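J.: please find the sequence and the predicted model below.
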Amino acid sequence: GTIVDDGSDPANPGQPGNPATPGYDNDRAATVTGDAVYEGSTLVHHVGVTGTGTANTVVTVSLSTGGGDTATLSGAGADVDLDPTQIEIVIGSTTKTLATMISEGKASGTGSSFNITLTPTEQASGFDVRIKSVDDTPLEGRESYTISASVTGQEAAVATAKGTIVDDGSDPANPGQPGN
């Protein structure tokens with residue numbers, strides 16, 4: 001017999017599986033990397049998918065605070081810009097804003113929680129999420145948020161990482177030294 005482990009329908013290899021079907025392959029997981037930057041810089045998180053399926057796969061990305069996170073994600077004093085016109089998604093050598101991907105039907109959602117559909121080719125390399133931090137006047141020390149990623153319809157745990165914004169008045173070129 002053959003064991004199929006690519007997210008496809010075991011009775012119809014190459015076709016998307018149905019989670020209600022016995023034997024459905026639902027163990028693919030997402031991965032996500034953390035990043036730390038000085039305030040005013042762009043945080044870059046890489047989102048990947050374990051294994052490569054034979055059908056399109058939807059990945060959900062969410063930003064939140066909790067568990068000691070101190071960043072403000074929306075409203076007055078926000079530490080990051082979650083406007084979909086400001087978030088950039090990089091797949092392969094192509095960079096588009098989240099707003100453009102939503103208008104093209106490649107993504108859905110908002111800046112704080114969105115879904116991206118990946119082709120099998122795109123699943124192999126994953127994608128980057130670029131989030132701009134907001135440079136403001138008060139020194140706030142280190143602030144963080146949690147970014148999570150999961151593969152829709154899979155039983156694997158949600159992957160999480162931290163985005164950290166450093167705003168301690170030091171010179172980014174000479175950490176620990178006063179900035180200008």
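T.: Sure, I can see it.
J.: same for the helix or strand encompassing Ile131, what does it pack against?
T.: Using DSSP states H and E, Ile131 sits within strand 127-132. In terms of contacts (3 or more CB pairs under 8 Å, 6 or more residues apart in numbering; DSSP states H and E), strand 127-132 is packed against strand 42-49, strand 88-91. No exception for glycine: its C-beta is placed from N, CA and C like everyone else's.
J.: give me the residues contacting the strand or helix carrying Ser62.
T.: If you go by DSSP H and E, Ser62 is part of strand 57-64. Strand 57-64 has contacts (CB atoms under 8 Å, 6 or more residues apart in numbering) with 7, 28, 30, 32, 47, 49, 73, 80, 82, 111-118, 120, 123, 129, 131, 145-153, 163.
J.: quickly run through the sheet partners of that strand, with directions.
T.: strand 113-118 (antiparallel), strand 141-151 (antiparallel) (DSSP bridges).
J.: between these, which gets nearest to Ser103?
T.: strand 113-118 (12.9 Å; CB to CB).
J.: and the closest one, how far out from the chain middle?
T.: Relative to its chain's centre, strand 113-118 lies at 9 Å (CA atoms, centre = their mean, to the nearest Å).
J.: what are the buried residues along that strand?
T.: Phe114, Asn115, Ile116, Leu118 (16 or more other CB atoms under 10 Å).
J.: report the angle between the strand holding Ser62 and strand 127-132.
T.: Relative orientation of strand 57-64 and strand 127-132, computed by axes from the mean of the first three to the mean of the last three CA atoms, to 10 degrees: 30 degrees.
J.: what's across from the residue nearest the centre of the chain in the sheet?
T.: By CA atoms, centre = their mean, the chain has its centre lying nearest to Val61, at 4.5 Å. Here Val61 sits in beta bridges with Phe114, Ala149, going by DSSP bridges.
J.: picking up where we left off before, JSON lines for the helices and strands packed on strand 127-132, including mean neighbour count and distance to Thr97?
T.: Converted to JSON lines, those look like this (neighbours: other CB atoms under 10 Å; distance: least, CB to CB, whole Å):
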{"stretch": "strand 42-49", "mean neighbour count": "19", "distance to Thr97": "13"}
{"stretch": "strand 88-91", "mean neighbour count": "18", "distance to Thr97": "6"}
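J.: now these in JSON lines, with mean pLDDT?
T.: Formatted as JSON lines, the helices and strands packed on strand 127-132 follow (pLDDT from 0 to 100):
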{"stretch": "strand 42-49", "mean pLDDT": "96"}
{"stretch": "strand 88-91", "mean pLDDT": "97"}
